[in-house]
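A.B. asks: pasting the sequence and the predicted model now:
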Amino acid sequence: MFRLLFPDLYVPTIYDVDPEYLRRRGIRGLIFDLDNTILERGERTLPQEVLDWFDTLKAQGFKISIVSNSRSRKAEGMAKSHGIPAVFRAVKPRRGPFLKAIELMGLTRRETAVVGDQIFTDVVGGNRLGLFTILINPLPGKEFIGTTLFSRQLEKLLLPRIRNRHGFSRRPGHDRR
(Lines give C-alpha, C1' and ligand atoms only; values in the text may rest on other atoms or scores of the structure.)
Protein backbone atom coordinates (compact mmCIF):
# COMPACT_ATOMS: atom_id res chain seq x y z
CA MET A 1 0.00 0.00 0.00
CA PHE A 2 2.70 2.52 1.00
CA ARG A 3 4.59 1.96 -2.24
CA LEU A 4 1.67 3.57 -4.10
CA LEU A 5 2.33 6.83 -2.23
CA PHE A 6 5.96 7.23 -3.24
CA PRO A 7 6.96 8.76 -6.59
CA ASP A 8 9.87 7.44 -8.61
CA LEU A 9 11.26 10.96 -8.83
CA TYR A 10 10.69 14.18 -6.88
CA VAL A 11 11.81 17.48 -8.42
CA PRO A 12 10.89 21.12 -7.73
CA THR A 13 9.21 21.97 -11.07
CA ILE A 14 8.35 20.48 -14.45
CA TYR A 15 11.45 22.20 -15.81
CA ASP A 16 13.65 20.09 -13.53
CA VAL A 17 12.54 16.87 -15.24
CA ASP A 18 15.60 15.66 -17.15
CA PRO A 19 14.56 14.38 -20.61
CA GLU A 20 17.82 12.44 -21.02
CA TYR A 21 17.24 10.63 -17.73
CA LEU A 22 13.73 9.68 -18.87
CA ARG A 23 14.97 8.54 -22.27
CA ARG A 24 17.53 6.24 -20.61
CA ARG A 25 14.65 4.70 -18.66
CA GLY A 26 12.73 4.07 -21.89
CA ILE A 27 10.16 6.81 -21.24
CA ARG A 28 8.73 8.30 -24.46
CA GLY A 29 5.60 10.06 -23.22
CA LEU A 30 4.58 12.31 -20.35
CA ILE A 31 1.12 12.70 -18.84
CA PHE A 32 0.89 16.05 -17.08
CA ASP A 33 -1.60 17.08 -14.45
CA LEU A 34 -3.11 20.49 -15.19
CA ASP A 35 -4.01 22.52 -12.08
CA ASN A 36 -1.02 23.55 -9.97
CA THR A 37 1.35 21.48 -12.13
CA ILE A 38 1.49 23.29 -15.49
CA LEU A 39 -1.11 25.94 -14.77
CA GLU A 40 -2.18 27.87 -11.69
CA ARG A 41 -5.66 26.71 -10.68
CA GLY A 42 -8.34 28.89 -12.25
CA GLU A 43 -6.09 30.06 -15.10
CA ARG A 44 -7.01 28.76 -18.51
CA THR A 45 -4.10 29.97 -20.62
CA LEU A 46 -0.92 27.95 -20.70
CA PRO A 47 2.09 30.16 -19.94
CA GLN A 48 4.50 30.56 -22.84
CA GLU A 49 7.23 29.02 -20.67
CA VAL A 50 5.18 25.78 -20.43
CA LEU A 51 4.48 25.77 -24.16
CA ASP A 52 8.20 26.27 -24.85
CA TRP A 53 9.04 23.38 -22.49
CA PHE A 54 6.51 21.14 -24.26
CA ASP A 55 8.05 22.12 -27.63
CA THR A 56 11.48 21.20 -26.27
CA LEU A 57 10.20 17.81 -25.13
CA LYS A 58 8.42 17.17 -28.44
CA ALA A 59 11.56 18.12 -30.39
CA GLN A 60 13.36 15.41 -28.40
CA GLY A 61 10.75 12.83 -29.42
CA PHE A 62 8.51 12.86 -26.35
CA LYS A 63 4.74 12.76 -26.60
CA ILE A 64 2.68 14.94 -24.27
CA SER A 65 -0.81 14.58 -22.82
CA ILE A 66 -2.89 16.00 -19.97
CA VAL A 67 -5.04 14.16 -17.44
CA SER A 68 -7.04 16.44 -15.17
CA ASN A 69 -9.89 16.27 -12.71
CA SER A 70 -10.95 19.70 -13.99
CA ARG A 71 -14.47 20.06 -15.32
CA SER A 72 -13.73 23.31 -17.12
CA ARG A 73 -14.72 23.48 -20.77
CA LYS A 74 -12.24 26.35 -21.14
CA ALA A 75 -9.44 24.04 -20.03
CA GLU A 76 -10.52 21.47 -22.58
CA GLY A 77 -10.56 24.15 -25.26
CA MET A 78 -7.10 25.29 -24.21
CA ALA A 79 -5.65 21.78 -24.57
CA LYS A 80 -7.38 21.30 -27.91
CA SER A 81 -6.17 24.66 -29.23
CA HIS A 82 -2.57 23.61 -28.54
CA GLY A 83 -3.04 20.14 -30.02
CA ILE A 84 -2.42 18.41 -26.70
CA PRO A 85 -4.35 15.15 -26.21
CA ALA A 86 -6.21 15.43 -22.91
CA VAL A 87 -8.61 13.62 -20.62
CA PHE A 88 -10.74 15.85 -18.38
CA ARG A 89 -13.15 15.01 -15.53
CA ALA A 90 -10.72 12.19 -14.81
CA VAL A 91 -11.56 11.43 -11.16
CA LYS A 92 -7.94 10.53 -10.45
CA PRO A 93 -6.55 8.23 -9.14
CA ARG A 94 -8.85 6.06 -11.26
CA ARG A 95 -6.91 4.03 -13.82
CA GLY A 96 -9.14 4.64 -16.84
CA PRO A 97 -8.13 8.25 -17.57
CA PHE A 98 -4.42 7.38 -17.48
CA LEU A 99 -5.00 4.42 -19.79
CA LYS A 100 -6.94 6.67 -22.16
CA ALA A 101 -4.05 9.18 -22.23
CA ILE A 102 -1.57 6.37 -22.94
CA GLU A 103 -3.80 5.20 -25.79
CA LEU A 104 -4.07 8.76 -27.18
CA MET A 105 -0.25 8.99 -27.25
CA GLY A 106 0.06 5.54 -28.84
CA LEU A 107 2.47 4.31 -26.19
CA THR A 108 2.67 1.55 -23.58
CA ARG A 109 2.66 1.81 -19.80
CA ARG A 110 6.40 1.15 -19.67
CA GLU A 111 7.01 4.10 -22.00
CA THR A 112 4.91 6.58 -19.98
CA ALA A 113 5.54 8.84 -17.00
CA VAL A 114 3.06 10.86 -14.96
CA VAL A 115 4.02 14.35 -13.74
CA GLY A 116 1.87 15.98 -11.07
CA ASP A 117 1.73 17.92 -7.83
CA GLN A 118 -0.46 15.62 -5.75
CA ILE A 119 0.43 12.32 -4.14
CA PHE A 120 -3.12 11.01 -3.75
CA THR A 121 -4.21 11.67 -7.32
CA ASP A 122 -1.22 11.86 -9.68
CA VAL A 123 1.32 9.61 -7.94
CA VAL A 124 -1.15 6.99 -6.71
CA GLY A 125 -2.93 6.94 -10.08
CA GLY A 126 0.31 6.44 -11.97
CA ASN A 127 1.69 3.89 -9.52
CA ARG A 128 -1.52 1.83 -9.69
CA LEU A 129 -0.68 1.22 -13.37
CA GLY A 130 3.06 0.74 -12.89
CA LEU A 131 3.86 4.04 -14.64
CA PHE A 132 6.98 6.05 -13.81
CA THR A 133 5.76 8.80 -11.45
CA ILE A 134 7.22 12.27 -10.92
CA LEU A 135 6.09 14.50 -8.08
CA ILE A 136 6.69 18.25 -8.28
CA ASN A 137 6.01 21.10 -5.90
CA PRO A 138 2.59 22.69 -6.56
CA LEU A 139 2.48 26.03 -8.30
CA PRO A 140 1.47 28.91 -6.05
CA GLY A 141 -2.12 30.08 -6.07
CA LYS A 142 -5.58 28.83 -5.23
CA GLU A 143 -6.35 25.18 -4.64
CA PHE A 144 -9.53 23.18 -4.51
CA ILE A 145 -10.84 23.34 -0.93
CA GLY A 146 -10.74 19.54 -0.58
CA THR A 147 -7.11 19.54 -1.64
CA THR A 148 -6.21 22.15 0.96
CA LEU A 149 -8.19 20.60 3.82
CA PHE A 150 -7.48 16.93 3.17
CA SER A 151 -4.81 15.99 0.65
CA ARG A 152 -2.21 18.62 1.47
CA GLN A 153 -2.49 17.88 5.21
CA LEU A 154 -1.80 14.18 4.63
CA GLU A 155 0.99 15.01 2.18
CA LYS A 156 2.73 16.98 4.94
CA LEU A 157 3.16 13.68 6.76
CA LEU A 158 4.68 11.94 3.74
CA LEU A 159 6.82 14.65 2.15
CA PRO A 160 9.72 14.44 4.65
CA ARG A 161 10.12 10.71 3.85
CA ILE A 162 9.83 11.37 0.12
CA ARG A 163 12.39 14.20 0.31
CA ASN A 164 14.72 12.00 2.30
CA ARG A 165 14.38 9.17 -0.21
CA HIS A 166 15.09 11.42 -3.20
CA GLY A 167 17.69 13.67 -1.60
CA PHE A 168 15.52 16.68 -2.24
CA SER A 169 15.96 19.62 0.11
CA ARG A 170 13.04 21.56 1.61
CA ARG A 171 13.91 24.59 -0.48
CA PRO A 172 12.95 24.25 -4.16
CA GLY A 173 15.96 24.64 -6.40
CA HIS A 174 18.37 23.27 -3.82
CA ASP A 175 18.44 19.62 -4.76
CA ARG A 176 21.18 17.68 -2.97
CA ARG A 177 21.78 15.26 -5.85
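C.D. replies: Yep, it's here. These numbers come from a predicted model, not from an experiment.

A.B. asks: ok, the nearest residue to residue 135 once chain neighbours are set aside - contacts?
C.D. replies: Of all residues not flanking residue 135 in the chain, residue 7 sits nearest, at 3.9 Å (CB to CB, 6 or more residues apart in numbering). For glycine as for every other residue, the C-beta is placed from the backbone atoms N, C-alpha and C. For residue 7, the contact set (CB atoms under 8 Å, 6 or more residues apart in numbering) comprises 119, 123, 127, 133, 134, 135, 162, 166.

A.B. asks: rerun that using 7 Å as the cut-off
C.D. replies: With contacts defined as CB atoms under 7 Å, 6 or more residues apart in numbering, the neighbours of residue 7 are 123, 133, 134, 135, 162.

A.B. asks: spit out the contact partners of the first one.
C.D. replies: Residue 123 makes contacts with 5, 7, 116, 133, 135, as judged by CB under 7 Å, 6+ apart.

A.B. asks: and if we set it to 6 Å?
C.D. replies: 7, 133, 135 (CB atoms under 6 Å, 6 or more residues apart in numbering).

A.B. asks: and the residue nearest to residue 119 when sequence neighbours are not counted, what's its pLDDT?
C.D. replies: What sits nearest to residue 119 in space, not counting adjacent residues and going by CB to CB, 6+ apart, is residue 155, at 5.2 Å. Note for residue 155: predicted pLDDT of 89.

A.B. asks: for the strand or helix carrying residue 155, which positions count as buried?
C.D. replies: Counting by DSSP states H and E, the element that carries residue 155 is helix 152-166. Neighbour counts using 16 or more other CB atoms under 10 Å place 152, 155, 158, 159, 162, 166 of helix 152-166 among the buried residues.

A.B. asks: and of those residues, the nearest to residue 29?
C.D. replies: Set against residue 29, the nearest of the buried residues of helix 152-166 by CB to CB is residue 166 (22.1 Å).

A.B. asks: isn't the closest one up against residue 10?
C.D. replies: Yes. Contact criterion CB atoms under 6 Å: residue 166 and residue 10 qualify, at 4.2 Å.
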